[in-house]
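1. please work out how this folds:
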Amino acid sequence: MPRSKRPSPAAHAGDESPSKVRLQRVLADAGIAARRVCEQMITEGRVIVNGHKMTKLPIFVDPANDRITVDGKPIPAPQQRVYIMLHKPARTIVATADEPGLERRTALDLVDHPAAARLFPVGRLDFDTTGLLLLTNDGDFANIVTHPSRGVKKFYHAWVKGYVTDEMLAKIRRQSKLVAKAAIAEKRKQAREAMGAWAASDLPQGRRKTPITPIDARLLRVEDGKSVLEVELVDNRASLRDVLLSAGLDVRKLVRVRIGTLELKGVPPAFWRELTPKEVRSLMKAENPRQPVQAPNKSGKSRDSARSASKSPNSPTAAPSVEQAAQRALALLAGRGTKAPKDRQDAVDNAPPRVSRRAAGNEDARAKAVSDSFTEPTRRKPRTLLPD
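-> Prediction:
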């Protein structure tokens, strides 16, 4: 009897192919848990692929052909990606569930969708802020839209009491960086306290930090004693309402009107609709991270470009400077001006060490100066002061 073909074990990093994806991503797409939690489940040996327990990451699998079980149960088929636009009303929290005992309305309570159980909000809006909110079950999409390094802009309209001057707009830009730094420091402090005493030594070090992008604001109009501002936000690590309050503004209303190229149109408050494929693609175009701009130095060049030009031997700006420096050194040693003839180069290499003018008067002093130039100077030992 011919043997039936059995699925091959899961592949490791060296066997990666276009048809195979990471195991933790397959588990997350199937709704098992978040991707980081799935990685922990794999290392604990709770995931079996084609009858083999594989605990060493990375692991690449073919979801169409490989048999994957978690705690002895086969994983369900991958869920369809869902992208929803919600017009968030006031007095609604942006979370999957409220804290025990509060029972406030959440954004997911307003969405009646078959995949609502696996949806989560993209970004955040505070309790009283209204406007555009995205919900999805695609973690990659959420990371592209929310991470500051992707550069996806969020636009808000803010109604502020009184008239806002140019000085106040400049203060908003300054305060945004200060509030963001304070929020990041507080978040790290809470994480260290939650992780315990070992956090200071086990937290990853040397991680590249995303620079804080300040908030830009401009005055749209003045109506009924209130100034309407349009605020452009990229870095969402600080609450926009906190930034405006720290700038001394009395915020009466705050609405998010646009995310990237997606505008809030045709959706009444507390209603939702699914995004079209074209709208999803327009937001996913921001996948390439923006490069941080280096501040120029005194010579007008950025620090990275100046450093690379000085280190690279093939740089067109570095080679002439090195050659010119060598020519100057040979010329100074030969005493022939700015250029050293080739026939004098051997004489320069074999020239005796130079002596000071003070020792040029007699031969004994000259010989002593020459010998001292080849000996390393002695260092004086530090004095030790005795107590009185």
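2. show me where the protein has its helices.
-> With helices called from DSSP state H, the chain shows them at 23-29, 35-43, 139-146, 166-195, 199-202, 240-246, 277-284, 303-311, 318-334, 345-349, 363-373.
3. make sure L245 is actually in contact with V251.
-> Yes - counting by C-beta atoms under 8 Å, L245 touches V251, with 6.6 Å between them. (Glycine included, C-beta is placed from N, CA and C.)
4. give me the common contacts of the two.
-> When contacts are counted by C-beta atoms under 8 Å, 6 or more residues apart in numbering, the set common to L245 and V251 is empty.
5. the more surrounded of the two?
-> Using other C-beta atoms under 10 Å as the criterion, L245 and V251 rank with V251 on top: 19 against 14.
6. the more buried one and L169: what is the separation?
-> Per C-beta to C-beta, to the nearest Å, V251 is found 14 Å from L169.
7. with R104 instead?
-> In this view, R104 and L169 are 34 Å apart by C-beta to C-beta.
8. swap in R35?
-> R35 sits 40 Å away from L169, going by C-beta to C-beta.
9. over to N143?
-> As defined by C-beta to C-beta, N143 lies at a distance of 31 Å from L169.
10. looking only at neighbour counts, state which of these two leads.
-> For N143 versus L169, neighbours defined as other C-beta under 10 Å are more numerous around L169 (17 against 13).
11. look at the more buried one and report its pLDDT.
-> L169 is assigned 94 on the pLDDT scale.
12. check contacts around it.
-> Applying C-beta under 8 Å, 6+ apart, the residues near L169 are 217-219, 229.
13. what is the most widely separated pair among those?
-> By the measure C-beta to C-beta, A217 and L219 form the most distant pair in these, at 7.9 Å.
14. between those two, which contacts overlap?
-> Common neighbours of A217 and L219, counting by C-beta under 8 Å, 6+ apart, are 169, 229.
15. the more surrounded of those two?
-> Set side by side, A217 and L219 show more neighbours around A217, with 27 against 16, by other C-beta under 10 Å.
16. quickly list the domain ranges of the chain.
-> For the chain, automatic domain parsing gives the domain ranges 13-74, 83-195+211-287.
17. compare the mean pLDDT across those domains and name the weakest.
-> Of all these, domain 13-74 has the smallest average pLDDT, which comes to a mean of 84.
18. tell me the contacts of the closest residue to Y156 other than its chain neighbours?
-> Closest residue in space to Y156, ignoring its immediate chain neighbours: V231 at 4.4 Å, by C-beta to C-beta, 6 or more residues apart in numbering. With contacts defined as C-beta under 8 Å, 6+ apart, V231 is in contact with 155-158, 172, 215-217, 240.
19. out of these, which sit inside strands?
-> Judged by DSSP state E, the contacts of V231 include 155-158, 216-217 as members of strands.
20. give the buried subset of these as a PyMOL selection command.
-> Applying 16 or more other C-beta atoms under 10 Å to those, the buried members can be selected in PyMOL as follows:
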select buried, resi 155+156+157+158+217
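21. pick out whichever of the ones in strands among the contacts of V231 sits closest to E99.
-> Set against E99, the nearest of these by C-beta to C-beta is Y156 (26.2 Å).
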